[in-house]
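Participant: Sharing a model prediction with you, sequence too.
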2 protein chains.
Amino acid sequence: MGTKASVNRSWHLKSRPVGALKDSDFELRDSPLPPIGKGQLLIRTVYLSLDPTHRLWTREKASYMPSVKLGDVMRGFIMGVVEQSNNEAFPQGCVVTAILGWSLYNVSDGGVADGSMISKVEMDPRLPLIARFGLFEHIGLTSYFGVIDILRPRPRETLVVSGAAGAVGSLAVQIGKIYAGCRVVGVAGTDDKCRWLTGELGADAAVNYRKGPLAESLRKACPDGIDTFFDNVGGECLEAVLDQINMNARIAMCGAISQYGNDEKPYGPPNIYNLLMKRARIEGFIVLDYAADKRWWAKAHDDITNWHLQGRLKYRIDVVKGIENAAKAVTKLFEGTNTGKLVVQLSEEPARN
Amino acid sequence: MGTKASVNRSWHLKSRPVGALKDSDFELRDSPLPPIGKGQLLIRTVYLSLDPTHRLWTREKASYMPSVKLGDVMRGFIMGVVEQSNNEAFPQGCVVTAILGWSLYNVSDGGVADGSMISKVEMDPRLPLIARFGLFEHIGLTSYFGVIDILRPRPRETLVVSGAAGAVGSLAVQIGKIYAGCRVVGVAGTDDKCRWLTGELGADAAVNYRKGPLAESLRKACPDGIDTFFDNVGGECLEAVLDQINMNARIAMCGAISQYGNDEKPYGPPNIYNLLMKRARIEGFIVLDYAADKRWWAKAHDDITNWHLQGRLKYRIDVVKGIENAAKAVTKLFEGTNTGKLVVQLSEEPARN
């Protein structure tokens, strides 16, 4: 029956955040471990992914998903091991990813009605388990489909990526080079991050948005204008780019972390009408929508695996240990102090065959 | 040699407009009629089309076209008769449309280098000449490609059109019905216009944006949300729609007349990030780009002609007589006091064979 604990521990949403997420918005509570019913399984969480999108899930108004209710266990992308199972599709011992709770243990019905989108982790054995969150899932697949399907970049075009040193952004930078040989320009918040982008990830230029007016820095870094923009930031960054787009430019709206704290009145770029002048478009997308296209989804996994094994697609993981540190760690995303994909390790990885 | 005058008369741009276009921004001047050189032709203007886009052309900053320079003859879409010709492609007597000056007479090089996009008017003889501006050119073709290529509506979807009683909007309303059988909701500025939309043009509902909060009126008129939006207005109208879009909504940015007066700081909708939540897009387009696809362009003309002759696609023309009234007339577009396509008649129509 595997490891069996009798007590669960979870982070609950205590208050609606004002501005950025704060650790005081969450509360750690213990509860009895529930028995599993027919068709259900018990998952021991190994890794919890911390993401900017948590800010959207905690606001009052629904986002692309329903809001987490006050008092409920906070929702997150988790990776874990099935400890008990009444579900043949997910036998005991198998490793899964799912959208479930910030908890040591979660119960799932196998994705029938719980909205968990649970799936078995099948991955090239040369990759470590954590690569699942570094390169795939809601991270690498977001970068992949955002660049390839929404932006559709062409050789010699200029691709700008905001939040370029973040988990999704850093992969978008590299995929822009690998897939289309674009001129890629990353926007990030420290010189160290900029050096990582140009020195290790192959960006042609990087812009520190905290140093001098962004519009001017972008203009220098993009002498031929901007054809495609992978936007994780929104607000003034989006505005600066909109002023410099070329004819038929494409903007993929992946996130808007600069505005996630402004629930009352986010900043809408006043130059949005430049879309008309340049016959350009902005398109929002959510990676979860692509999962339904199983062949394209599989192709994305193959491409990413191969690119990584060829040494062309790199990732960084920032691991925080212990469930008790999750609420504190999530604030790093809004301060920009994480380096690479932020995850919390809640328990030991299983042995792999 | 046809009619020959010795004096030309033209509207020149006198000042950069502040807010809406005013007649005092223009100045009427006489000048000698120039002789035509090799490959050139002289066109007597019959109709001058007055359009919201003039506001964009008169601002300091380039739009989708270069700005008209201060002191230069104002640019417009004209229809006229070739009076003299040194160009075989446009013989004397033929009727043409072109982007040229607000003048009694224009000289063109046949579109080689003058950017006039001049073309011969070939039209079903059952249609009056003025239908060229009522149903085709930068009006009907804009409605056609905006709906069919940018919005791609499907049956049972809800299409909202802003500026719905305007020249482009009123055709977009009807094409949404004809092409896709959508639920079509028009937004206009008077009850009379709203009655025209529902009573004569077949809109399922019409909303007077001057009566009560637009968001509430839209919610009543669009009980199933908004799937596609043909936007001529921008600003708060765009914001109200963005709040009510459905998954995978498409917004065609055709114009933004509410913001054309705000050169300094247009109003950017703060809820633009709803594009992300709804995996939706906003796309700007300019009809002139479609002219290069000759087969699609011809198909559009055939479709529009047939729909009109079948009585399914109606238009209204608001004719003002005399070049001296052009500058005063253009202000009607910004007051919303024109009904249908606003044109100035500068001289008599030629006899048609």
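Facilitator: Sure thing, it's come through.
Participant: do you know how far the closest residue to chain B within the stretch 1-150 of chain A is from A:Met253?
Facilitator: Using Cβ to the nearest Cβ, the single residue of the stretch 1-150 of chain A nearest to chain B is A:Tyr64, 4.7 Å away. Yep, even glycine has a C-beta here, placed from its N, CA and C like the rest. The gap separating A:Tyr64 from A:Met253 is 11 Å, by Cβ to Cβ, to the nearest Å.
Participant: Could you tell me how many residues sit around A:Glu122?
Facilitator: Per other Cβ atoms under 10 Å in any protein chain shown, the neighbour tally for A:Glu122 reads 10.
Participant: My error: substitute A:Gly140 in the last question.
Facilitator: A total of 31 residues lie near A:Gly140 under the criterion other Cβ under 10 Å.
Participant: ok, now which ones touch it?
Facilitator: Residues in contact with A:Gly140, defined by Cβ atoms under 8 Å, 6 or more residues apart in numbering or on different chains, are A:Gly134, A:Val168, A:Leu171, A:Ala300, A:Ile304, A:Tyr315.
Participant: contacting residues for the second one?
Facilitator: So that's A:Val168. By Cβ under 8 Å, 6+ apart, the contact list for A:Val168 reads A:Ile139, A:Gly140, A:Thr142, A:Ser143, A:Gly146, A:Asn232, A:Cys254, A:Gly255.
Participant: Out of the contacts of A:Gly140, the closest to B:Ala291 would be?
Facilitator: Using Cβ to Cβ, A:Ala300 is the member of the contacts of A:Gly140 that lies nearest B:Ala291, at 38.0 Å.
Participant: What backbone torsions are found at the closest one?
Facilitator: phi -60, psi -40 (degrees, to the nearest 10).
Participant: residue ranges for the helices of chain A, please.
Facilitator: A:54-58, A:131-135, A:137-145, A:167-180, A:191-199, A:214-221, A:235-242, A:274-277, A:294-309, A:326-330, A:332-335 (DSSP state H).
Participant: so of the ones you listed, which one's packed in deepest?
Facilitator: Of all the helices of chain A, helix A:167-180 carries the top mean neighbour count, a mean of 26, counting by mean count of other Cβ atoms under 10 Å in any protein chain shown.
Participant: Using CSV, write down the CA coordinates of it.
Facilitator: This file holds the C-alpha atoms of helix A:167-180, laid out as CSV (Å, rounded to 0.1, in the frame of the first residue of the first chain):
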residue,chain,number,x,y,z
ALA,A,167,10.3,29.9,-16.7
VAL,A,168,8.1,30.3,-19.7
GLY,A,169,9.9,33.3,-21.2
SER,A,170,13.3,31.7,-21.1
LEU,A,171,12.0,28.8,-23.2
ALA,A,172,10.2,31.1,-25.6
VAL,A,173,13.5,32.9,-26.2
GLN,A,174,15.2,29.7,-27.1
ILE,A,175,12.3,28.3,-29.2
GLY,A,176,12.3,31.5,-31.2
LYS,A,177,15.9,30.8,-32.1
ILE,A,178,15.5,27.1,-32.7
TYR,A,179,12.2,27.1,-34.5
ALA,A,180,12.6,30.2,-36.7
